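K.L.:
Build me a model from this:
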Amino acid sequence: MTEARKPIIRIRNITKRFGSVVACDNVDFDIYPGEFFALLGPSGCGKTTLLRMLAGFESASEGEIEIDGQPMLDVPPNKRPVNMVFQSYAVFPHMTVLDNVAYGLKVTGVPKAEARARAEEALGLVHLEGYGQRMPDQLSGGQRQRVALARALVKKPKVLLLDEPLSALDAKLRDAMRLELVRLQHTVGITFVIVTHDQDEALSMADRAAVMERGKVMQIAGPGDLYEHPNSRFVADFIGKVNVFEGKVSGVSGGRLAVEVGGMGRIEVPHDGVAQGDVGIAVRPEKTRLSKDRPASGLIVLKGKVTDVAYYGNESHILLDTDAGVQVTTTVQNEKRSTDAAMTIGDDMWISWSPEDTLVLNG
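P.N.:
Numbering: from 1, shown residues only. This is a model prediction of the structure:
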């Protein structure tokens, strides 16, 4: 029997209160060496507070944090085996790029020559070779972010903490930096913990993500499981778009759940969990299909009228009012090089999807 992998971070029953406000509520999970881990959720959910407790900038009201096998109680930020990249970059405007990166080494007594060599090595990691003598105001936003990353990595921490590191960048640069962060994490091999409210960032970069709401961790899983197997309405709605219909469980048999749905009648869907009473029957927009004619049997079908068509280049989002009394969004891929809409407002359409693509949501 092989020994279980030991966590690099243990978070045990962490609660943080600011007066009467509970920012983190009994948070408990592990992060493993070499993981790219995301703390994901809306503003005010507690993700940044949790990151600041890992960094040592906040103290827990209850619970324990352990990093690299050592309890962090009363360990100050500069003594922890972590480093942090802030949302605002926080590079020193009066120092050259090289001096910015080497600063943390110099203040801890690393000899000047060694600090310079390590700083140049760190700049190489973030593809800024030859930029050492530039000043921060001579750099783009993406380059300044790379300087902040190099400065955090130069001390070779066990864990790198990233607080919304891409939020100040424009959309195209943000996409490029996502790929760069994943490449960098694979290169250095250390644990990255990123805070983000952007589901696309978490899904495209993280090995696992903890989805948080109102201080609680709702679900921890890999990107695919969070998207395809959300454990609640909140997670399903926060991770991507989803259409939800209200239903009531009427029976369970042979791994299939029978649900009475208003405007749709009785439908049966595969389900291997526990469900009873009121549930949400949900489907992702890209799992649905539109047709002028009623689809073949075996599918879940609804009739609707197109009320809006939003063009996004590679795809169009179609909004329909359905006979079930629910507005449904579906996506249509724009596969042909044409500006003609696949359908127009007022068209009557059938919406269909496979029972296997249906989510059953409690809560």
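K.L.:
Please give me every residue in contact with the closest residue to Met343 other than its chain neighbours.
P.N.:
The spatially closest residue to Met343, leaving aside those adjacent along the chain, is Val306, at 5.5 Å (C-beta to C-beta, 6 or more residues apart in numbering). Where C-beta positions appear, they are placed from N, C-alpha and C, glycine not excepted. Neighbour list for Val306: 318-320, 343-349 [criterion: C-beta atoms under 8 Å, 6 or more residues apart in numbering].
K.L.:
try 7 Å
P.N.:
When contacts are counted by C-beta atoms under 7 Å, 6 or more residues apart in numbering, Val306 touches 318, 320, 343-347, 349.
K.L.:
could the residues you listed go into a markdown table alongside pLDDT, distance to Val154 and neighbour count?
P.N.:
Converted to a markdown table, those look like this (pLDDT from 0 to 100; distance: C-beta to C-beta, whole Å; neighbours: other C-beta atoms under 10 Å):
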| residue | pLDDT | distance to Val154 | neighbour count |
| --- | --- | --- | --- |
| Ile318 | 93 | 50 | 26 |
| Leu320 | 95 | 54 | 25 |
| Met343 | 78 | 55 | 16 |
| Thr344 | 87 | 58 | 9 |
| Ile345 | 91 | 57 | 12 |
| Gly346 | 92 | 61 | 8 |
| Asp347 | 91 | 59 | 17 |
| Met349 | 93 | 57 | 20 |
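K.L.:
for those residues, which one is nearest Gly273?
P.N.:
When the contacts of Val306 are ranked by distance to Gly273 (C-beta to C-beta), Leu320 comes first, at 29.2 Å.
K.L.:
from memory the closest one sits against Asp348, does it?
P.N.:
No - taking C-beta atoms under 7 Å as the definition, Leu320 is not a contact partner of Asp348, at 9.3 Å.
K.L.:
Mutual contacts of those two, please.
P.N.:
Common contacts of Leu320 and Asp348 (C-beta under 7 Å, 6+ apart): Lys305.
K.L.:
Distance from the chain centre to stretch 292-309, please.
P.N.:
Taking C-alpha atoms, centre = their mean, to the nearest Å, the mean C-alpha location of stretch 292-309 is offset from the chain mean by 32 Å.
K.L.:
Span of that stretch from start to end?
P.N.:
16 Å (C-alpha to C-alpha, to the nearest Å).
K.L.:
model confidence over that stretch, on average?
P.N.:
For stretch 292-309, the mean pLDDT works out to 91.
K.L.:
in it, what's buried?
P.N.:
For stretch 292-309, burial by neighbour count (16 or more other C-beta atoms under 10 Å) applies to 299-302, 304, 306, 309.
K.L.:
do stretch 267-275 as well
P.N.:
If you call a residue buried by 16+ other C-beta under 10 Å, then stretch 267-275 has these buried ones: 267-269, 271, 275.
K.L.:
got the buried residues of stretch 292-309 as JSON lines, with secondary structure and distance to Pro355 columns?
P.N.:
As requested, these are exported to JSON lines (DSSP: H, G, I helix; E, B strand; the rest coil; distance: C-beta to C-beta, whole Å):
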{"residue": "Leu299", "secondary structure": "coil", "distance to Pro355": "8"}
{"residue": "Ile300", "secondary structure": "strand", "distance to Pro355": "6"}
{"residue": "Val301", "secondary structure": "strand", "distance to Pro355": "11"}
{"residue": "Leu302", "secondary structure": "strand", "distance to Pro355": "13"}
{"residue": "Gly304", "secondary structure": "strand", "distance to Pro355": "19"}
{"residue": "Val306", "secondary structure": "strand", "distance to Pro355": "24"}
{"residue": "Val309", "secondary structure": "strand", "distance to Pro355": "27"}
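K.L.:
Could you list every helix and strand in contact with the strand or helix carrying Leu226?
P.N.:
Using DSSP states H and E, Leu226 sits in helix 223-228. The contact analysis (3 or more C-beta pairs under 7 Å, 6 or more residues apart in numbering; DSSP states H and E) places helix 223-228 against helix 199-205, strand 208-213.
K.L.:
Let me have the ones you listed in JSON lines, extended by mean pLDDT, mean neighbour count and distance to Ala168.
P.N.:
Shown next, in JSON lines, are these (pLDDT from 0 to 100; neighbours: other C-beta atoms under 10 Å; distance: least, C-beta to C-beta, whole Å):
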{"stretch": "helix 199-205", "mean pLDDT": "92", "mean neighbour count": "20", "distance to Ala168": "13"}
{"stretch": "strand 208-213", "mean pLDDT": "97", "mean neighbour count": "24", "distance to Ala168": "21"}
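K.L.:
Lys112 is nearest to which of the ones you listed?
P.N.:
Of all those, helix 199-205 sits nearest to Lys112, with 35.6 Å by C-beta to C-beta.
K.L.:
Among the buried residues of stretch 267-275, which lie within strands?
P.N.:
Among these, the members found in strands (DSSP state E) are 267-269.
K.L.:
wait, doesn't Val193 sit right on Leu161?
P.N.:
Yes - between Val193 and Leu161 there is a contact under C-beta under 7 Å: 5.3 Å.
K.L.:
List the buried residues of the host helix or strand of Gln143.
P.N.:
For Gln143, the element it lies in under DSSP H and E is helix 141-153. Within helix 141-153, the residues that count as buried by 16+ other C-beta under 10 Å are 142-153.
K.L.:
Make TSV out of those residues and add distance to Glu58 and pLDDT.
P.N.:
Output for the buried residues of helix 141-153, formatted as TSV (distance: C-beta to C-beta, whole Å; pLDDT from 0 to 100):
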residue	distance to Glu58	pLDDT
Gly142	29	84
Gln143	30	88
Arg144	26	88
Gln145	24	86
Arg146	27	88
Val147	26	91
Ala148	21	89
Leu149	23	90
Ala150	26	91
Arg151	22	90
Ala152	19	90
Leu153	23	90
